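Undergrad: Next comes the sequence, and after it the predicted model I'd like to discuss.
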Amino acid sequence: MYDASATDGKVCKGYKGVGTDGQYIYYTPFYNGSAYHGVVLRQKIYAVFSDSGSWEAYDAGATNGLAAKGFAGNPVFDGRFIYFVPSNNGSPHGIVLRYDTTKPFKDSGSWEAYNAGSVGGLATKGFSGGVFDGERFIYFIPFYNGAYNGIIMRFDTAKPFKDSGSWEAYDFGSLAGGAAKGYSGGEIVDGFLYLSPFQNTSAKHGKIVRYALSKPFKVAGSWEVFDATAVAADAKALGQPCTDGRFVYFPNAYYEIVLRYDTQKPFGQAASYDYFNLSTLCWNVAAHNACCKQGTHIVFAPDDSNLLAYDTEKPFADSGSWADREVLYAKDMHTFGFRGCYSDPNYIYFAPWAYHGSVYHGSVARMRVDPCPGQSLPLPGSSEDLSKYMYYESGVASVSSSRATGYYDDASVWGLVFQDYEKDFFDGFVIQFDFKLVSAYLSDAVESIATELGLFSLSNAHYPWDEVYSLPADDPVVVISIYWTEDGEVNWVDLDLVKGNWSAYGSTLEISVGTVYYCTISRSDGSSTVTLKVYSNAARTTLLKTMTVTSFTASRKWRFIYALRGMSDADGMASATVWVENLKIVSY
């Protein structure tokens, strides 16, 4: 992560795309929190990412006397010029900005702008992105020009930029009974341009449009449409697509469905498409506005902070083929909200956007997924380094190499500390951990049901121990239950080994606040039984309790290991501090 927000003394915040000319990475200016802007940000690819000398900015917002501000989508490179796609500069506009990459970046003579806002008498404004066909034409993807629309525009790069004859437009919005309007981006594969559906006049929609590049641009027969909601009801409101050469991937820009189309199969048949429902991987399904390919992975850009990667060598609909990463706390910058992504052979870059769409920032993120999204496999018998685990800060007080501390003071706090060891990693296992309930109290002396804290767990999904979310039924979870007196004091505390949300549990051990307990949890390969042993000493020679749950699915295997899994407290009056330390995977 690099904070580029003050590059060259300019306000470099709020970008809606990222692209390259092969030497530099360019970021698409949109809105900085105070105004729509035209401050183009760029970085040297072959330079130190975190060095301020690798970055520069130029304000192109008044190029040729036009309000060249508020652009969207990844910058488009035609081999010489970088183009910025017009979106909104206070209202939808059609001012196309371009930079001659053979000339100095900060020289006004290197830039030109053209108002293409009424090509062919149509309202050619408010586009979402652009695509170059690799030979001659740049296509500008229709979105909102004052209304959601299907007016696509293209520029002939072989002709003069400011000649009206170089531009043409076509309105395909009458397709699908007039519902083919409002698209979020496009991708070209094997002679076809695919447009990703987002919003039309009445609702979010899934009507993918395809144009055959070899056919006349302004002829209705060159265009076709397929409604992806025939594949999945929520296969709509999709993001900027990408391709791996065969499949076209459509991100989940609003709902939980990621869609892909097999270009070797008929466009208009539902059987040519498949999808992945992100809710099978994670409870807090994040929106992803764009995607790109790096190596054997498709990576999805998060609206917030949850990066998503799919391994193209594995089945698309299998959750084991997917991994997500929380980047909110990378470099301790506490930054999230990105728009657009671009991949070079080494890194994927994400354009800085805004926290929850309102607090605009300039923190550029980059990542790499090679060789795989997961971390190195653990060495049997060695302690886990919890500082390398992923976590959601809400409810997580601190994480060190050996200890994760949770501080919970809300009805449902997602204090998750976990690691992904990829599909089917945990079958038979022996795992040790220590824990202590440091403190617990009620902020108001009300009658309260038990407050529950999720400690160690295994799972195949990101779900907190919370009354709102039902855990997968076969998740083993070690749970602390705190029972209160009418005066708001701790009455007693129980420790349980639980299957799912209390679908089964073993015998209970009453424990004390302020005492350290030493645990060993185990299972044999292919067994339906998980056993938890609790000791009073670190040598594990003084056994306090053995808990056994015998109803797990024998074939079940798990990928995620949790040190902390959150709190459930219906009244929202409880506060508790707990830590887990010395998590050791003895064998697996």
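TA: That came through fine.

Undergrad: ranges for the helices of the protein?
TA: 175-178 (DSSP state H).

Undergrad: what's the weakest-modelled helix or strand in it?
TA: Within the chain, no helix or strand scores below strand 412-420, which has a mean of 75 by mean pLDDT, DSSP states H and E.

Undergrad: Provide a list of residues in contact with the spatially closest residue to residue 25 that is not a sequence neighbour.
TA: Excluding its sequence neighbours, the residue lying closest to residue 25 (C-beta to C-beta, 6 or more residues apart in numbering) is residue 43, at 4.9 Å. Heads up, the C-betas are built off the backbone N, CA and C, glycines and all. Going by C-beta atoms under 8 Å, 6 or more residues apart in numbering, residue 43 touches 4, 24-25, 49, 54-56, 364.

Undergrad: same thing but 6 Å
TA: Contact analysis of residue 43 by C-beta atoms under 6 Å, 6 or more residues apart in numbering lists 25, 54-55.

Undergrad: and stretch 551-558, which residues are buried?
TA: 552, 556-558 (16 or more other C-beta atoms under 10 Å).

Undergrad: which regions of the protein lie under the pLDDT threshold?
TA: Filtered on pLDDT under 70, the chain yields the residue ranges 283-284, 326-335, 370-376, 392-395, 410-414, 444-449, 466-470, 569-572.

Undergrad: so what's the nearest residue to residue 259 once chain neighbours are set aside up against?
TA: Of all residues not flanking residue 259 in the chain, residue 250 sits nearest, at 4.3 Å (C-beta to C-beta, 6+ apart). Contact analysis of residue 250 by C-beta under 6 Å, 6+ apart lists 196, 238, 241, 259.

Undergrad: Just to check, residue 175 is in contact with residue 225?
TA: Yes: Residue 175 lies in contact with residue 225 (C-beta atoms under 6 Å); the separation is 4.5 Å.

Undergrad: follow-up on the earlier one: just the contacts of residue 250 now: which is nearest residue 344?
TA: Nearest to residue 344, judged by C-beta to C-beta, of these is residue 241 at 19.1 Å.

Undergrad: residues near the nearest residue to residue 170 once chain neighbours are set aside, how many?
TA: Nearest residue to residue 170, sequence neighbours excluded (C-beta to C-beta, 6+ apart): residue 218, at 4.6 Å. For residue 218, the number of neighbouring residues by other C-beta atoms under 10 Å comes to 12.

Undergrad: Could I get the full set of strands for the stretch 251-400 of the chain?
TA: Taking DSSP state E, counting those that start in this stretch to define them, one finds strands in the stretch 251-400 of the chain at 257-262, 273-277, 288-294, 297-302, 306-311, 322-326, 338-343, 348-352, 354-355, 359-360, 363-367, 390-391, 396-399.

Undergrad: could you dump those strands to JSON lines with mean neighbour count?
TA: JSON lines is the format used below for the strands of the stretch 251-400 of the chain (neighbours: other C-beta atoms under 10 Å):
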{"stretch": "strand 257-262", "mean neighbour count": "24"}
{"stretch": "strand 273-277", "mean neighbour count": "20"}
{"stretch": "strand 288-294", "mean neighbour count": "25"}
{"stretch": "strand 297-302", "mean neighbour count": "27"}
{"stretch": "strand 306-311", "mean neighbour count": "23"}
{"stretch": "strand 322-326", "mean neighbour count": "21"}
{"stretch": "strand 338-343", "mean neighbour count": "27"}
{"stretch": "strand 348-352", "mean neighbour count": "27"}
{"stretch": "strand 354-355", "mean neighbour count": "19"}
{"stretch": "strand 359-360", "mean neighbour count": "17"}
{"stretch": "strand 363-367", "mean neighbour count": "22"}
{"stretch": "strand 390-391", "mean neighbour count": "22"}
{"stretch": "strand 396-399", "mean neighbour count": "18"}
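
Undergrad: Switch those over to CSV; also include distance to residue 29.
TA: Formatted as CSV, these follow (distance: least, C-beta to C-beta, whole Å):
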stretch, distance to residue 29
strand 257-262, 28
strand 273-277, 33
strand 288-294, 17
strand 297-302, 17
strand 306-311, 23
strand 322-326, 27
strand 338-343, 11
strand 348-352, 10
strand 354-355, 13
strand 359-360, 11
strand 363-367, 13
strand 390-391, 32
strand 396-399, 35
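
Undergrad: The nearest residue to residue 36 once chain neighbours are set aside: what's it in contact with?
TA: Leaving aside its sequence neighbours, residue 36 sits nearest to residue 70 (C-beta to C-beta, 6+ apart; 3.8 Å). Neighbouring residues of residue 70 by C-beta under 6 Å, 6+ apart: 30, 36, 87-89.

Undergrad: before we move on, back to that, now restrict the contacts of residue 250 to buried residues only.
TA: Buried residues within the contacts of residue 250, defined by neighbour count using 16+ other C-beta under 10 Å: 196, 238, 241, 259.

Undergrad: wait, which of those residues is closest to residue 337?
TA: Ranked by distance to residue 337 (C-beta to C-beta), those are led by residue 238 at 19.3 Å.
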